[in-house]
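In: got a predicted model here, sequence first, then my questions.
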Amino acid sequence: MAAPHPSSPRVGPPSRRHAGRAPAWATTALTGFAVMLGMTTPTPAASADDPPAPGFRGFAATPPMGWNSWDIFGTTVTEQQTREQADAMAEHLLPAGYDVLTVDIQWYEPNAQGHVYRPGAPLEMDEYSRLIPAVKRFPSSADGQGFKPLADYVHSKGLRFGIHIMRGIPRQAVHQNTPLLGTDATAADVADTDSICHWNPDMYGVDISKDGAQAYYDSIIQMYADWGVDYIKVDDIARPYDDVQKAEIEALRKAIDKTGREIVLSLSPGATPIEAGPHVMEHANLWRITDDFWDRWGLLYAMFERVDTWTPYRREGNWPDADMIPLGIVDFDRPTNFTPDEQKTLMSLWCIARSPLIFGGDMTRMDDQTLAMLTNPEVLEVNQHSTNNRQVSRENNLIVWTADVPDSDDKYVALFNAQSKGDNLDFDAADFTSPVISGQGSTVPIEVSVKDATQLVLFVRDGGDGFHYDHAVWMEPTLTGPKGRRKLTSLEWGHATSGWGQPRIDRTCEGRPLMVKGQPTWGIGTHANSTVVYDLPAGYDTFTATGVLTERGSVEFGVLVGKGDAATIPDTSTVSVDLADLGITGEVAVRDLWEKKDLGTVEGEFSRELPLHGSGLYRVSPMD
């Protein structure tokens with residue numbers, strides 16, 4: 001997990017394998033788009049085909065596959081829930097290779113709630129400044145047992161056990177100036193109180209140059225190793241990747257290596273800066289390339305750029321991490337917002353780009369479609385055992401990726417239709433663009449002629465002030481004309497996107513009641529950057545609304561009126577690849593990996609008709 005959405009730092013879902021050899025326990029008990037856009041790709045530290053160096057890279061020789069508690073339980077997961085998830089994972093996902101079960105953030109806070117971080121909340125801590133599981137939520141941790149009993153249970157299911165930690169040392173320990181194990185230094189001696197997480201109040205950074213700082217990290221990692229931890233996800237460390245964080249990453253690597261245990265190291269949140277690639281791959285097995293990923297098309301669309309940008313740093317034991325997979329039941333009790341086509345696109349992209357596959361849904365309530373999406377063996381083979389993974393082409397958001405099949409002349413091919421209905425819109429030709437408004441409660445009146453119009457496009461753009469609190473409302477959007485007066489919200493939009501949450505009628509983008517200046521109102525709640533497209537009926541001449549910024553930040557509102565003369569994005573498009581671009585000449589046999597069926601033979605070019613947000617994953621085999 002990572003930062004909660006900044007406009008609501010304490011509420012709402014935030015804006016969050018297989019080892020090359022078995023871990024020691026297995027024998028007895030049976031691992032940003034906007035920022036990156038336009039960046040040049042630096043020279044990689046090593047090519048994707050280089051053999052892995054000995055040591056920690058062998059702990060995750062293929063992309064880790066597993067489950068994490070954040071998407072379904074937030075900060076609140078309990079021991080009982082973890083055991084239930086382990087049971088379900090062993091039954092349903094372990095046979096497909098998913099074997100890492102991770103308890104995410106706040107396991108040391110007895111009264112954690114939802115996605116809430118509470119400044120000053122009491123945390124459970126031992127006498128050496130080390131956070132330990134809250135007995136109220138993890139009762140088997142009593143009497144100094146820590147996570148060992150739970151880890152033993154997870155191991156008994158044939159799974160590996162992972163935990164999430166925040167970088168640094170507890171502020172609680174620093175304020176109490178408690179001792180550290182293995183050194184005469186105290187918590188206050190090693191803390192860097194200027195190095196803080198801006199979305200979680202629990203920790204200070206550690207100044208690794210101070211005496212006792214490495215001993216502190218050694219002590220917590222050894223404790224985790226003694227518990228039986230196999231996978232550690234460290235948060236607030238991969239962004240912005242400053243000198244303090246960089247030194248702490250190195251300290252973590254040293255501490256893990258000292259334990260002698262095969263512990264996979266995962267770094268979060270993203271986006272990890274691309275220029276950190278050479279350093280991060282020398283210390284971590286995986287690192288996030290995005291902030292928390294949730295079930296919104298805009299976030300999935302942005303991932304195409306991210307995974308392509310990180311291609312030079314993808315190799316055995318080093319995996320750019322596209323984050324958790326929010327399918328099935330997520331966010332406590334709701335189904336994923338992704339359509340079936342979008343779910344397949346997510347899995348196809350994660351697999352062809354060899355991202356770790358960490359499921360975030362409720363494994364005890366997994367439907368057949370979600371299970372099939374996660375466990376297709378031919379699709380997972382692409383993720384686990386392909387090489388030279390790369391984007392071949394991207395034109396008008398029709399995207400082609402390929403990868404080599406080891407010990408074969410065959411190729412994997414992924415085709416994506418990443419187009420959306422709003423892609424053809426030219427906002428620079430808008431019929432109305434407001435000045436930038438800033439500050440909670442700021443408003444702007446909007447009135448636009450829609451005479452003879454067939455389409456109405458409402459858009460909200462970030463005002464560019466560096467803040468991301470850009471919750472916006474189209475208040476009382478109304479059409480008037482010869483047919484009278486009509487609420488725009490009585491129509492069904494054809495396309496709608498939001499930079500956070502989703503556009504909603506008479507609700508905020510997070511689903512709360514729509515309020516402006518403390519009063520209930522009606523309209524469309526959204527968040528920059530946002531586009532909402534309506535097809536207009538005849539008989540209306542004027543559109544009016546009031547644009548409102550309901551949080552801090554800054555935005556501009558815009559309206560684009562279409563009169564039937566603009567090209568539209570089709571519902572399906574042909575996505576094709578020239579086989580010569582894959583190094584193939586002559587006839588090839590094609591197999592559809594999702595459908596698990598042979599499609600026949602083609603020569604010269606391979607193409608498929610795909611719906612908007614749709615994809616396909618294939619294996620092409622030269623006939624000669």
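Out: Nice, I can see it.
In: in the protein, what secondary structure element scores lowest on mean pLDDT?
Out: helix 26-29 (a mean of 32; mean pLDDT, DSSP states H and E).
In: what number of residues lie near residue 113?
Out: 15 (other Cβ atoms under 10 Å). Backbone N, C-alpha and C define where each C-beta goes, glycine included.
In: make that residue 522, sorry
Out: Neighbour number of residue 522 under other Cβ under 10 Å is 16.
In: how about residue 188?
Out: 16.
In: that one against residue 177, yeah?
Out: Yes. Counting by Cβ atoms under 8 Å, residue 177 is a contact partner of residue 188 at 4.5 Å.
In: which stretches of the stretch 151-300 of the chain form helices?
Out: Remark: helices assigned in the stretch 151-300 of the chain by DSSP state H, counting those that start in this stretch are 171-176, 187-190, 213-227, 243-259, 277-280, 297-309.
In: okay, those in CSV with distance to residue 389 and mean pLDDT next?
Out: CSV is the format used below for the helices of the stretch 151-300 of the chain (distance: least, Cβ to Cβ, whole Å; pLDDT from 0 to 100):
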stretch, distance to residue 389, mean pLDDT
helix 171-176, 42, 98
helix 187-190, 41, 98
helix 213-227, 32, 98
helix 243-259, 25, 98
helix 277-280, 16, 97
helix 297-309, 9, 94
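In: want to throw those into CSV with distance to residue 553?
Out: Converted to CSV, the helices of the stretch 151-300 of the chain look like this (distance: least, Cβ to Cβ, whole Å):
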stretch, distance to residue 553
helix 171-176, 28
helix 187-190, 36
helix 213-227, 37
helix 243-259, 26
helix 277-280, 31
helix 297-309, 17
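In: so for residue 159, which of these sits nearest?
Out: Relative to residue 159, the nearest member of those by Cβ to Cβ is helix 213-227, separated by 14.6 Å.
In: export that closest one to PDB, keeping only CA atoms.
Out: Output of helix 213-227 as PDB, limited to C-alpha atoms (Å, rounded to 0.1, in the frame of the first residue of the first chain):
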ATOM      1  CA  ALA A 213      21.600   2.700  12.900                       C
ATOM      2  CA  GLN A 214      22.600  -0.500  11.100                       C
ATOM      3  CA  ALA A 215      22.300  -2.400  14.400                       C
ATOM      4  CA  TYR A 216      18.600  -1.300  14.500                       C
ATOM      5  CA  TYR A 217      17.900  -2.600  11.100                       C
ATOM      6  CA  ASP A 218      19.800  -5.800  11.800                       C
ATOM      7  CA  SER A 219      17.700  -6.300  14.900                       C
ATOM      8  CA  ILE A 220      14.300  -5.900  13.200                       C
ATOM      9  CA  ILE A 221      15.200  -8.100  10.200                       C
ATOM     10  CA  GLN A 222      16.600 -10.800  12.400                       C
ATOM     11  CA  MET A 223      13.400 -10.700  14.400                       C
ATOM     12  CA  TYR A 224      11.400 -11.200  11.200                       C
ATOM     13  CA  ALA A 225      13.700 -14.000  10.100                       C
ATOM     14  CA  ASP A 226      13.200 -15.700  13.500                       C
ATOM     15  CA  TRP A 227       9.400 -15.400  13.100                       C
END
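In: Provide the angle between the direction of that helix and the direction of helix 243-259.
Out: 50 degrees (axes from the mean of the first three to the mean of the last three Cα atoms, to 10 degrees).
In: show me what helix 213-227 is packed against.
Out: Secondary-structure packing of helix 213-227 (3 or more Cβ pairs under 8 Å, 6 or more residues apart in numbering; DSSP states H and E): helix 148-156, helix 187-190, strand 203-206, helix 243-259.
In: mind listing what's buried in that helix?
Out: 213-225, 227 (16 or more other Cβ atoms under 10 Å).
In: also stretch 338-357?
Out: For stretch 338-357, by 16+ other Cβ under 10 Å, it's 338, 342-357.
In: ok, now stretch 266-279?
Out: Under 16+ other Cβ under 10 Å, the buried positions of stretch 266-279 are 266, 267, 268, 269, 270, 271, 272, 273, 274, 276, 277, 279.
In: contacting residues for the second one?
Out: Applying Cβ atoms under 8 Å, 6 or more residues apart in numbering, one finds that residue 267 lies in contact with 233, 234, 237, 238, 249, 280, 284, 286, 287, 288.
In: okay if I get the buried residues of stretch 266-279 as TSV plus distance to residue 616?
Out: Listed next are these as TSV, based on distance: Cβ to Cβ, whole Å:
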residue	distance to residue 616
266	30
267	32
268	31
269	31
270	27
271	28
272	30
273	33
274	29
276	34
277	30
279	37
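In: just those residues: which are in strands?
Out: 266, 267 (DSSP state E).
In: going by distance to residue 125, which of the buried residues of stretch 266-279 wins?
Out: Of all those, residue 125 sits closest to residue 268, with 22.1 Å by Cβ to Cβ.
In: that closest one and residue 174: what is the separation?
Out: Residue 268 sits 23 Å away from residue 174 when distances are taken as Cβ to Cβ, to the nearest Å.
In: and stretch 442-458, average pLDDT?
Out: Per-region confidence: stretch 442-458 scores 95 on mean pLDDT.
In: do stretch 341-350 as well
Out: Mean predicted confidence for stretch 341-350 is 98.
In: residue 610 contacts residue 576, correct?
Out: No. Counting by Cβ under 8 Å, residue 576 is not a contact partner of residue 610; they are 10.4 Å apart.
In: give me the common contacts of those two.
Out: Contacts common to residue 610 and residue 576, judged by Cβ under 8 Å, 6+ apart, are residue 415.
In: out of the buried residues of stretch 266-279, which one has the lowest pLDDT?
Out: Lowest pLDDT among the buried residues of stretch 266-279: residue 270, 89.
In: wasn't residue 524 part of a strand?
Out: Yes. Judged by DSSP: H, G, I helix; E, B strand; the rest coil, residue 524 forms part of a strand.
In: next, the buried residues of stretch 530-540.
Out: Using 16+ other Cβ under 10 Å as the test for burial, stretch 530-540 gives 530, 531, 532, 533, 534, 536, 540.
In: now swap in stretch 134-147 and tell me
Out: 134, 137, 138, 140, 141, 145, 146, 147.
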